[in-house]
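Peer 1: what's the 3D shape of this:
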Amino acid sequence: MRKAHRLKRRFYCAKGPNNIWHLDGYDKFKPFGFCIHGAVDGFSRKVIWLEVSDTNNDPKLIAIYYLDALKRIKKTPRILRCDAGTENSVVCLLQQFFRNEATDHFAGSRSVIVGRSTSNQRIERWWGTLRQQGIQWWINFFKDLRDSGRFNELDQIHCENLKFCFMNLTQTHLDRIAQQWNVHEIRPQHNSDAHYGKPDIMYFLPETFGAFDYGTVVDKRDVTCCKDMYSVPKRKFDKFSELAYLPPSSKVEWLNNFAISLEKSYLEEKECIVIGDFNYDILKHDNCSKSWLDLMQSVNFSQLVESPTRPDLQMPVDADSALNLFLELNDLVANSYED
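Peer 2: Sure thing, here's the model as predicted:
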């Protein structure tokens, strides 16, 4: 039938910037604990946001992406296109709230279009672009860590360490991809009436392309109020705040400085795990060992590792051995939690 020209392909075409935003989550990273979420403007194909966190299932987290975009752009789109997942429940209500007093046909509840994720054309197409722009490298990298046995996706300690080491780095990479995409030249497409050019120029200067901005101006106070009521801040992976070195000749001075750091973490209610070789022989019960134990008890710390992590004292401490020791310590900590 296609050869007989009885089937006609439907072409997508948005009227102008902020006429419709397409948002969705990208799950190819999910097996490693990294969940990417993005939104794309239907007219200009400009990336509105591109964020990575440890979940895409929290409606309040998706809401913060949306509200941060409104605060930055100072407008809400005429239509929001998403799937029927529960993670979009809050953002749909917020979109209807900001469009409640609009006078056009898409005011209020009509400002949200919910449908199958595979039919969300603009964002689904852009996920392919994201993979081509370098996210596939990260997927292969994490797969290599898993296949080589250095990362166990069923081990919570391994997963948290992976997020700590790579979450912020991945976000920086995503920011760079979005920035480069928004200023690159989109070429004309065959058999398509879609506009072409640079996404940023099409978005901010729609008059150049015979279009105009369909966005609805939002009150900054309303955005701030909604952020306080219906969103949660994006989780920060900054539990490991410092690397401390203990010189053999200055145990007392070092212990005082270390106590200040622990007290700060304790008062800020940050989760903290102390890992290292502190050269305190707690079996001798001397002043230094007693001070160390008193400090640990004052911040409610308990000992998790009770067996030697490096029984061979002659083992060379090079990079590979340090990595193996680190992974072995992860297993010991995990087993201690289970016990």
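Peer 1: assign a three-state SS to residue 80, would you?
Peer 2: Secondary structure assignment for residue 80 (DSSP: H, G, I helix; E, B strand; the rest coil): strand.
Peer 1: against residue 124, how distant is it?
Peer 2: 16 Å (CB to CB, to the nearest Å). Where you see a C-beta, it was placed from the backbone N, CA and C, and this is true even at glycine.
Peer 1: all strands of this structure, in order?
Peer 2: 20-26, 35-41, 47-53, 75-76, 79-82, 112-114, 216-217 (DSSP state E).
Peer 1: let's have those in TSV, adding mean pLDDT.
Peer 2: Shown next, in TSV, are the strands of the chain (pLDDT from 0 to 100):
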stretch	mean pLDDT
strand 20-26	94
strand 35-41	95
strand 47-53	95
strand 75-76	96
strand 79-82	94
strand 112-114	93
strand 216-217	94
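Peer 1: make CSV out of those strands and add distance to residue 302 and mean neighbour count.
Peer 2: Shown next, in CSV, are these (distance: least, CB to CB, whole Å; neighbours: other CB atoms under 10 Å):
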stretch, distance to residue 302, mean neighbour count
strand 20-26, 38, 24
strand 35-41, 32, 24
strand 47-53, 30, 22
strand 75-76, 50, 20
strand 79-82, 45, 23
strand 112-114, 49, 16
strand 216-217, 55, 14
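Peer 1: could I get those strands as TSV with distance to residue 162?
Peer 2: As requested, the strands of the chain are exported to TSV (distance: least, CB to CB, whole Å):
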stretch	distance to residue 162
strand 20-26	18
strand 35-41	13
strand 47-53	13
strand 75-76	36
strand 79-82	29
strand 112-114	34
strand 216-217	41
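Peer 1: for residue 101, which of those strands is the nearest?
Peer 2: strand 216-217 (8.7 Å; CB to CB).
Peer 1: so what strands line up beside the closest one?
Peer 2: When pairing is defined by DSSP bridges, strand 216-217 lines up against strand 75-76 (antiparallel).
Peer 1: pull the residues that contact the strand it pairs with.
Peer 2: The set of residues external to strand 75-76 that reach it, using CB atoms under 8 Å, 6 or more residues apart in numbering, is 18, 70, 95, 98, 99, 213, 215, 216, 217, 218.
Peer 1: ok, stretch 220-238 next?
Peer 2: Contacting residues not belonging to stretch 220-238 are listed as 51, 53-54, 58, 60-61, 63-64, 67, 70-71, 74, 90, 93-94, 97-98, 163-164, 167-168 [CB under 8 Å, 6+ apart].
Peer 1: quick one: mean pLDDT over that stretch.
Peer 2: Averaging pLDDT along stretch 220-238 gives 84.
Peer 1: again, but for stretch 198-215
Peer 2: 91.
Peer 1: that stretch: end-to-end distance?
Peer 2: Using CA to CA, to the nearest Å, the end-to-end distance of stretch 198-215 comes to 19 Å.
Peer 1: which of the residues in it are buried?
Peer 2: Buried residues in stretch 198-215, counted by 16 or more other CB atoms under 10 Å: 198, 199, 200, 201, 202, 203, 206, 209, 211, 213, 214, 215.
Peer 1: how big is the angle separating the top helix by length along the chain from strand 47-53?
Peer 2: Once the chain is assigned using DSSP state H, the helix that runs over the most residues is helix 156-183. Calculated by axes from the mean of the first three to the mean of the last three CA atoms, to 10 degrees, helix 156-183 forms an angle of 170 degrees with strand 47-53.
Peer 1: for helix 156-183, packing partners?
Peer 2: Judged by 3 or more CB pairs under 8 Å, 6 or more residues apart in numbering; DSSP states H and E, helix 156-183 is in contact with strand 47-53, helix 136-147, helix 199-204, helix 319-338.
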